[in-house]
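Q: Need a 3D model of the following:
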Amino acid sequence: MMDNSTFYKKQNIQQVIIDAGHMVEYFPTYSPDLNPIEHKSPQAKCK
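A: The predicted structure follows:
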């Protein structure tokens, strides 16, 4: 699963993922609670 960054939506990136035998799935828009890295960002900013 990936966020909705335009980098991930480029066709060649999607094709590499599919060719590796994986499925492309995106997080719903504005759903940081589903993205585990978002839970670490506040901790990193404090240091």
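
Q: just for the chain, where's the confidence low?
A: Judged by pLDDT under 70, the chain has its weakly predicted residues at 1-10, 30-31, 35, 41-47.

Q: Do a quick rundown of the helices in the protein.
A: 11-19, 37-46 (DSSP state H).

Q: Go through the first one and flag the buried ones.
A: Looking back up the chat, that one is helix 11-19. Residues of helix 11-19 classed as buried by neighbour count (16 or more other Cβ atoms under 10 Å): none. All C-beta atoms are positioned from the backbone trio N, CA, C, and that covers glycine.

Q: going forward, begin numbering at 621 instead of 1
A: Will do, 621 is the new start, and the previous item becomes helix 631-639.

Q: residues touching Ile637, list them.
A: Under the criterion of Cβ atoms under 8 Å, 6 or more residues apart in numbering, the neighbours of Ile637 are 643-644.

Q: So Pro652 sits against Glu658, correct?
A: Yes. The criterion here is Cβ atoms under 8 Å, and Pro652 meets it with Glu658 at 3.9 Å.

Q: roughly how far apart are Ile637 and Met643?
A: Separation of Ile637 from Met643 (Cβ to Cβ, to the nearest Å): 8 Å.

Q: Repeat that for Lys660.
A: The value you get for Lys660 to Met643, if Cβ to Cβ is used, is 25 Å.

Q: again with Glu658
A: From Glu658 across to Met643, the span is 22 Å (Cβ to Cβ).

Q: buried set for stretch 637-655?
A: Within stretch 637-655, judged by 16+ other Cβ under 10 Å, no residue is buried.

Q: nearest spatial neighbour of Ile638, skipping sequence neighbours?
A: Nearest-residue entry for Ile638: Val644, 6.6 Å, with adjacent residues in sequence omitted and distances by Cβ to Cβ, 6 or more residues apart in numbering.

Q: how near is that neighbour to Lys660?
A: Applying Cβ to Cβ, the value for Val644 to Lys660 is 24 Å.

Q: How about Leu654?
A: Going from Leu654 to Lys660 by Cβ to Cβ gives 14 Å.

Q: Repeat that for Ile638.
A: 28 Å.
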